[in-house]
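> Sharing a sequence plus its predicted fold:
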Amino acid sequence: MTQGINTGSSHYQIGVLTTKIQNLSLHLRKNKKDYASRRGLMKMLSQRKKLLKYLYRTNIDLYQSTLKTFQIRPLKF
């Protein structure tokens, strides 16, 4: 068994996606016509939303903690 961070957990995956989303958003501000990257951003946002919904259903305390940690707005259902 490996030691360290559980990289498969929803909380961790949301954090990784949030970092990628922030970096890609900065890129798109400079390169407004990069439509392929814009599509990738939309895909990442959708994936993060799915993970947040799952976290909300399974562990609402961790969901609230995740929102505060990564400064994400709550989902609108």
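Cool, got the structure. Numbering: from 1, shown residues only.
> In contact with the residue nearest to Ile72 when sequence neighbours are not counted, which residues?
Residue nearest to Ile72 in three dimensions, not counting chain neighbours: Thr18, with 6.6 Å by C-beta to C-beta, 6 or more residues apart in numbering. C-beta: built from backbone N, CA, C; applies to glycine. Counting by C-beta atoms under 8 Å, 6 or more residues apart in numbering, Thr18 makes contact with Arg48, Phe70, Ile72.
> how does it look with 10 Å?
Going by C-beta atoms under 10 Å, 6 or more residues apart in numbering, Thr18 touches Met44, Arg48, Thr66, Thr69, Phe70, Gln71, Ile72.
> what ranges do the helices span in this structure?
Using DSSP state H, the helices found in the chain span residues 10-30, 35-58, 60-70.
> list the buried ones in the shortest one?
Neighbour-count burial for helix 60-70, counted by 16 or more other C-beta atoms under 10 Å, picks out Leu62, Tyr63, Thr66, Leu67, Phe70.
> Show me which of the residues you listed is closest to Gly40.
Of all the buried residues of helix 60-70, Phe70 has the smallest distance to Gly40: 19.2 Å, by C-beta to C-beta.
> Pull the contacting residues for that closest one.
His11, Ile14, Gly15, Leu17, Thr18, Thr19, Ile21, Gln22, Arg48.
> Make a PyMOL selection of the buried ones in the residues you listed.
Restricted to buried positions by 16+ other C-beta under 10 Å, the PyMOL selection for the contacts of Phe70 reads:
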select buried, resi 11+14+15+17+18+21+48
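> What is the nearest of the contacts of Phe70 to Arg39?
Ile21 (13.3 Å).
> Does that closest one touch Gln71 like I think?
No - look at Ile21 against Gln71 with C-beta atoms under 10 Å: they stay out of range, at 11.8 Å.
> ok, the closest residue to Ser25 other than its chain neighbours to Gln64 distance?
Sequence neighbours aside, Leu41 is the residue nearest to Ser25 in space, at 6.9 Å (criterion: C-beta to C-beta, 6+ apart). According to C-beta to C-beta, to the nearest Å, Leu41 and Gln64 sit 25 Å apart.
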